[in-house]
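S.K.: Could you look at this predicted model? Sequence included:
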Amino acid sequence: MPGVTHDEAPLLADLMPWSVAPLRPGRGWPMGPDAASLKARWDALVRARGDDREALFRPTRARTLHTAVTQLPGHRGGTGRLARESGPCPEPVRILHGPYDEQWLIPDHRLLDVARPELWRVAGEGQLFAVEQGYVPGAAGPAVLVTGVLPDGRSPAGRPGRIRPLFRRPGGLEPNVAPGLLAHLSDVLGGEVTARDVLAWVLAAGTGSAAGCRVPLPRDADVWARGVELGGRLLRLHLRGDGERPKLPGGRRPYVRAPLPARPTALSYDAEEELLLVGDEGVISPVPKEAWEYEVSGVRVVERWFALRTEAAEAGTLEAIRPTTWPQTWTSELLELITVLALTAELGHEREQLTASLDSTATTTATTTATITGDELRRAGVLPVPDTARRPASVLDHREEGPDGQFALL
């Protein structure tokens, strides 16, 4: 009898059932790669009066200068009408804008068309977010990325994926996994399985499909352990070392061989010499070809990262307020990005070997029990997932300021 195919593997949507759609900011200027520029944009907005302020703000049907909204959970942004706002800019926070690109965002609900407050309520220490990437047939790259900061959920190409918090409550409480899944996996594999183990396995073995990310689950404890260990290494790279800066082995690291120009406008690559050419004069080396060519949803990550910092903005808009020269912090972030992508690409070979071992186990087994299928999970009562597991948990145990300083009734 043939082995189990990956098309029969359960969907991530069933294994981590609570998900949230991507944020919809509605305007570009509250987000950017430079926190100081965001504060300058805010100052320019509140200095403007009347029609000038409205033009700078860029109103939509969801947000105008007179829209009344609640505070973003966990942040002290204003709730008064923006038309009469004159205070300082709320302190920008880190956010993941698409794959591997941490930028900054002004955490003010009045600036964001659809901010997804349910995500902000569970963000913070102990939380991780799995972000499904847009599926592009035939495109290379991971099906899922993980971040410890709030993601906006955007994919560089294709249909935006869903954001799946690892935990349903603040502080790393109540795993966002199908009820009964951890117990079933622990029983089948003969050892305790945690929510973080499941997330690590997803990074190691998850594959993209038109239906969403599929996750083959092995019955072999050794295969599972190997995948969880590999996924743990991928997870640390997604988290930029998880407290320890990632490094290439053997002391081989990219560095600036020639200073980057003040205003670089082009990026190119010399594969033979492993040189990243920034503008007319800047040179970073060594840059492994695998880092330069690394793609997510069919888009090269390094090129996209650079374009988001150098593309021209419309004159007279708040987006046009940006650094006049290339900041040193961007150089450091670029060097770290190259390192992360190079190391991730190296682990790609181990992912291929893991997939091959799953296929080999399935095709050489005389039964269909080499992997845990969706049918088995249904027989075990894990699937279908109850509707309550697909909705956010009630975490409203504190007061959140509503429009114009009124406190919301929770």
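M.R.: Done, it's in. The shown structure was predicted, so the numbers you read here are calculated from the model rather than taken from an experiment.
S.K.: Which strand or helix spans E174?
M.R.: Element membership of E174 [criterion: DSSP states H and E] is strand 173-175.
S.K.: where does that strand sit relative to the chain's centre, distance-wise?
M.R.: On the basis of C-alpha atoms, centre = their mean, to the nearest Å, strand 173-175 sits 20 Å off its chain's mean C-alpha point.
S.K.: For that strand, buried residues please.
M.R.: Buried residues in strand 173-175, counted by 16 or more other C-beta atoms under 10 Å: E174, P175. For every residue, glycine as well, the C-beta is placed using N, CA and C.
S.K.: Can you show me the helices along the protein?
M.R.: 12-15, 35-47, 50-57, 117-122, 181-189, 195-205, 221-238, 289-293, 301-310, 328-363, 374-379 (DSSP state H).
S.K.: need those helices in a markdown table with distance to A157, mean pLDDT and mean neighbour count, can you?
M.R.: Shown next, in a markdown table, are the helices of the chain (distance: least, C-beta to C-beta, whole Å; pLDDT from 0 to 100; neighbours: other C-beta atoms under 10 Å):
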| stretch | distance to A157 | mean pLDDT | mean neighbour count |
| --- | --- | --- | --- |
| helix 12-15 | 20 | 97 | 23 |
| helix 35-47 | 26 | 98 | 18 |
| helix 50-57 | 29 | 98 | 14 |
| helix 117-122 | 23 | 96 | 21 |
| helix 181-189 | 31 | 98 | 18 |
| helix 195-205 | 20 | 98 | 23 |
| helix 221-238 | 19 | 97 | 19 |
| helix 289-293 | 16 | 97 | 19 |
| helix 301-310 | 10 | 97 | 19 |
| helix 328-363 | 17 | 90 | 17 |
| helix 374-379 | 29 | 92 | 16 |
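S.K.: Can you check which of those gets nearest to G26?
M.R.: helix 50-57 (10.2 Å; C-beta to C-beta).
S.K.: Just name whatever secondary elements the closest one is in contact with.
M.R.: helix 35-47 (3 or more C-beta pairs under 8 Å, 6 or more residues apart in numbering; DSSP states H and E).
S.K.: Using the record's assignment, carve this structure into domains.
M.R.: Taking automatic domain parsing as the domain assignment, the ranges for the chain are 6-246+350-405, 251-327.
S.K.: Could you identify which of these is most buried?
M.R.: domain 6-246+350-405 (a mean of 18; mean count of other C-beta atoms under 10 Å).
S.K.: any idea how far that one is from the chain center?
M.R.: 6 Å.
S.K.: Select, out of the helices of the chain, the one closest to L248.
M.R.: Nearest of the helices of the chain (C-beta to C-beta): helix 328-363, 5.8 Å.
S.K.: The strand holding E174 pairs with which strands?
M.R.: strand 167-169 (antiparallel) (DSSP bridges).
S.K.: one step back: okay, the helices of the chain in a markdown table with distance to K247 next?
M.R.: Converted to a markdown table, the helices of the chain look like this (distance: least, C-beta to C-beta, whole Å):
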| stretch | distance to K247 |
| --- | --- |
| helix 12-15 | 31 |
| helix 35-47 | 26 |
| helix 50-57 | 43 |
| helix 117-122 | 32 |
| helix 181-189 | 33 |
| helix 195-205 | 20 |
| helix 221-238 | 11 |
| helix 289-293 | 14 |
| helix 301-310 | 18 |
| helix 328-363 | 7 |
| helix 374-379 | 40 |
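S.K.: between these, which gets nearest to G212?
M.R.: helix 12-15 (5.3 Å).
S.K.: tell me what the closest one is packed against?
M.R.: helix 195-205.
S.K.: tell me the angle of the helix it packs on relative to helix 181-189?
M.R.: 70 degrees (axes from the mean of the first three to the mean of the last three C-alpha atoms, to 10 degrees).
S.K.: That's all I had, so thanks and see you.
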